[in-house]
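*Asks:* dropping the sequence and predicted coords here.
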Amino acid sequence: MAREPVYQGPENDTSDDGIPGSVNSDGGDPGKDSQDSPADSMGSSPLDEEYDYTLRPQSFKDVVGQKKVMERLSIILQAAQKRKEPLGHILFDGPPGLGKTTLATVLPKEMGTEFQYTSAPSLSAPKDLLPFLTNASYGSVLFIDEIHRLPPIVEEFIYPAMEDYRIDIVLGEGVNARTVNMKLKPFTIIGATTRPGMLTAPLRDRFVNRERLDFYEVDELAEIVRRNAKKLNTVISEEASFELASRSRGTPRKSNNLLLWTRDYAEMRTKDGIIGLEIAQQALRMREVDDMGLENLDRRYLKTLISIFAGGPAGIQAIAHSMNLPPDTLEDEVEPFLLRMGLLQRTPRGRIVTSSALEQLGMSISGDNQPIN
Ligand code: ADP
């Protein structure tokens, strides 16, 4: 089963230039942010995407944090290797930037098997998925990002592939139509989603293993910052790595982006390019990241809720409409962190701002609220 790993993306990918789209042939990096994402939200420009591959862990030992998840993955990995069988299908869920793609790419590397990447929005019909399924070699991994967006027709097509490693292809039309059954090589689907609740029960149940990735602790993020600074040949002090970590919203991708920005800042504003605490603080101030890690979009969300909806309760559709943004972006990329930090409450009647949020922004419900920028 062991073989030279091959990394494949969809035919029309843009992997040669390192721009988002797929995993490229030398193990490059899949694109991450959906087109819904505002540029400053999870913040990855094409340049950041290039670095993303450099910084992405390449093996289990490079993965920081998610201890319990990693322990369980090690067990299923070793058991599969012992039995010389493919891994059972795995579903990763959690907010963007927490390592779903990273874990999906590391697993086949540990197994020495092939990896293919695709994303559900690019699979509008079974024929789009067919090449991935027929190319899947024994024990290989097919990663489907944003799997909650699979159209029902593709979802139904995938069921027999997941369960019995076969697909049913309909040839011809009308009375001449016939179904041809095609066998596939046993393989593993790894699905990633930011919205597990949007998966249908039949699809969810076909994933033998389900893992939820949670936000990281500050010391874990500081470790990621230190390791990545080394990969980038950048010198960073202990205090500065903690400063970046504590303003990273519990999210490794955010830590990476803040590190890249701070490195640029240090290179332009200091003689030696070393990132000390003061330089890190200056860089973060210029980037408008506050002491809690809140960015413009987070502040805009809270200010909208406070100023327009008198602190709530307000429905997500109404808030999104006022901000002129898709509700998905707010639900996936803004709210999870605000909820975790106790700045926002979700109630059956809608979203409500908390007193901690008012304190953080220096605002009150009635009276002298600042204008929304
Ligand atoms: P997701 O697929 O959940 O959106 P990614 O796997 O793309 O997140 O992670 C974004 C980046 O964060 C990766 O390129 C990697 O550099 C970093 N990262 C994520 N998880 C970890 C981890 N556990 N240890 C170290 N770095 C990580």
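*Replies:* Perfect, I can see it now.

*Asks:* and the closest residue in space to Asp145 that isn't next to it in sequence, what are its phi and psi?
*Replies:* Nearest residue to Asp145, sequence neighbours excluded (Cβ to Cβ, 6 or more residues apart in numbering): Ser119, at 4.2 Å. Quick note: C-beta positions are derived from backbone N, CA and C, even for glycine. With angles defined as degrees, to the nearest 10, Ser119 sits at phi -130, psi 140.

*Asks:* same question for Asp145.
*Replies:* phi -80, psi 160.

*Asks:* show me the contacts for Val353.
*Replies:* Leu302, Leu305, Ile306, Gly311, Gly312, Leu343, Leu344, Gln345 (Cβ atoms under 8 Å, 6 or more residues apart in numbering).

*Asks:* in strands, which of the residues you listed fall?
*Replies:* Of the contacts of Val353, the ones assigned to strands by DSSP state E are Leu344, Gln345.

*Asks:* which residues of the chain fall in strands?
*Replies:* Under DSSP E, the chain gives strands at 7-8, 90-93, 115-119, 141-145, 166-171, 178-183, 188-193, 209-212, 344-347, 350-353.

*Asks:* helices or strands next to the third one in the packing?
*Replies:* Going back to what we said before, that points to strand 115-119. Judged by 3 or more Cβ pairs under 8 Å, 6 or more residues apart in numbering; DSSP states H and E, strand 115-119 is in contact with strand 7-8, helix 100-111, helix 126-135, strand 141-145.

*Asks:* turn the ones you listed into a markdown table, including distance to the ligand and mean pLDDT.
*Replies:* Putting these into a markdown table (distance: least, Cβ to the nearest ligand atom, whole Å; pLDDT from 0 to 100) gives the following:
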| stretch | distance to the ligand | mean pLDDT |
| --- | --- | --- |
| strand 7-8 | 15 | 48 |
| helix 100-111 | 3 | 96 |
| helix 126-135 | 18 | 95 |
| strand 141-145 | 7 | 98 |
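
*Asks:* quick one: closest of those to Tyr265.
*Replies:* helix 100-111 (26.0 Å; Cβ to Cβ).

*Asks:* number of residues surrounding Pro327?
*Replies:* 17 (other Cβ atoms under 10 Å).

*Asks:* make 2 the starting number, not 1.
*Replies:* Shifting the count to begin at 2 puts that one at Pro328.

*Asks:* I'd say it and Ala321 touch.
*Replies:* Yes - applying Cβ atoms under 8 Å, one finds Pro328 in contact with Ala321, separated by 4.0 Å.

*Asks:* residues of the chain that sit close to the ligand?
*Replies:* For the chain, the contact set with the ligand under Cβ under 6 Å from any ligand atom comprises 33, 53, 56-58, 64-67, 97-103, 193, 225, 253-254, 257.

*Asks:* inside helices: which ones of these?
*Replies:* Asp53, Leu56, Lys101, Thr102, Thr103, Ile225, Pro253, Arg254, Asn257 (DSSP state H).
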